[in-house]
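*Asks:* 3D, please:
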Amino acid sequence: MLNRQTHVRRRRSKPEVPVGFAPPPVFVVLEHTAAARPKHPVVTVALHWGTVAAIVIAVAAMFLRDAVEDKFWRQLLLETHRQLGLLVLIGVGVRIALRVWHGFADHAPDMRAIVRWAAKATHVLLYGLLIALPLEGWALTNAHGITLALLGTVYLPNLLASDSELADTLSDYHIWLAWGLLIFVGMHAVAALWHHFVRRDSVLTAMLPRRRPRSSAFR
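*Replies:* A predicted model of the protein is given here:
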């Protein structure tokens, strides 16, 4: 009798598992999570981070130029700054064209209207500075009597005639615009972190570069 009761208790304590049930593997969960957070197009992501890299290098080149005295290196750093500015101008033009043609995915649809309006206004001002700063630098270079050549091969038209006094004024404007751009870039970065850590939406992750799947040879 005792053995029979013990056998019944053991049978009852055994968890009931449906036939054919199996826990989902980890890679299925990861794939589902990635699918729930779609990325921006590869071209958009590449242009975004390429613009960031160009701005950082261009600013660093001018700070480094102020720290060196050798004429060759000063000229090289200045020319690097100019070429990166032209590349930023081209990249922004392509990004605006893509945004107008294909639209831009909204990864925070539940955001308040006033916050959404502020974000759009900030983006417009940021794009405006990314266009105005290289154009103003282009005009500044012409005012110094120098004709710009994209990558040293494609000569660009002069926006202004040579004028040393105007060049001094434009130089001051260029510095102010540069600081304004850096402030807006900082605000943009803080907003992206706020979306990621506070709102926990996919605004930041959608703009991060895609990770290549690891080859089976290295597993």
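
*Asks:* Okay, residue 145 and residue 161: tell me how far apart.
*Replies:* 9 Å (CB to CB, to the nearest Å). The C-beta positions use only the backbone N, C-alpha and C, and glycine is treated the same way.

*Asks:* Which stretches in the chain count as strands?
*Replies:* Using DSSP state E, the strands of the chain run over residues 149-150, 154-155.

*Asks:* highest average neighbour count across those strands?
*Replies:* Highest mean neighbour count among the strands of the chain (mean count of other CB atoms under 10 Å): strand 149-150, with a mean of 14.

*Asks:* Pull the residues that contact that strand.
*Replies:* Defining contact as CB atoms under 8 Å, 6 or more residues apart in numbering, one finds that strand 149-150 is touched by 83, 86, 155-156.

*Asks:* Who does that strand pair with, and is each partner parallel or antiparallel?
*Replies:* strand 154-155 (antiparallel) (DSSP bridges).

*Asks:* average model confidence for the partner strand?
*Replies:* Throughout strand 154-155, pLDDT has a mean value of 92.

*Asks:* Run through the residues that contact residue 78.
*Replies:* Residue 78 neighbours (CB under 8 Å, 6+ apart): 61-62, 65.

*Asks:* thinking again about what came up before, can you add distance to residue 165 and give the strands of the chain back as a markdown table?
*Replies:* Converted to a markdown table, the strands of the chain look like this (distance: least, CB to CB, whole Å):
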| stretch | distance to residue 165 |
| --- | --- |
| strand 149-150 | 25 |
| strand 154-155 | 25 |
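
*Asks:* Tell me which of the ones you listed lies nearest to residue 201.
*Replies:* When the strands of the chain are compared for distance to residue 201 using CB to CB, the nearest one is strand 149-150, at 38.5 Å.

*Asks:* any idea of the mean pLDDT for the closest one?
*Replies:* Across strand 149-150, the average pLDDT comes to 92.

*Asks:* Please work out the average pLDDT along stretch 94-107.
*Replies:* For stretch 94-107, mean pLDDT rounds to 76.

*Asks:* residues touching the nearest residue to residue 141 once chain neighbours are set aside, list them.
*Replies:* Excluding its sequence neighbours, the residue lying closest to residue 141 (CB to CB, 6 or more residues apart in numbering) is residue 148, at 5.4 Å. For residue 148, the contact set (CB under 8 Å, 6+ apart) comprises 82, 86, 138, 141-142, 155-156.

*Asks:* Give the residue spans of the chain that score low on pLDDT.
*Replies:* Applying pLDDT under 70 to the chain flags residues 1-37, 103-110, 211-219.

*Asks:* residue ranges of the helices in it, please?
*Replies:* Taking DSSP state H, the helices of the chain run over residues 2-13, 26-36, 42-67, 71-102, 113-143, 164-194.

*Asks:* residues contacting residue 208?
*Replies:* Going by CB under 8 Å, 6+ apart, residue 208 touches 39, 45.

*Asks:* What separation do you get for it and residue 44?
*Replies:* 12 Å.

*Asks:* Name the nearest residue to residue 93, ignoring sequence neighbours.
*Replies:* Of all residues not flanking residue 93 in the chain, residue 131 sits nearest, at 7.9 Å (CB to CB, 6+ apart).

*Asks:* go on, residue 129?
*Replies:* Residue 129 sits nearest to residue 181 (CB to CB, 6+ apart), 4.5 Å away.

*Asks:* number of nearby residues for the one you found?
*Replies:* Counted with other CB atoms under 10 Å, residues neighbouring residue 181 total 20.
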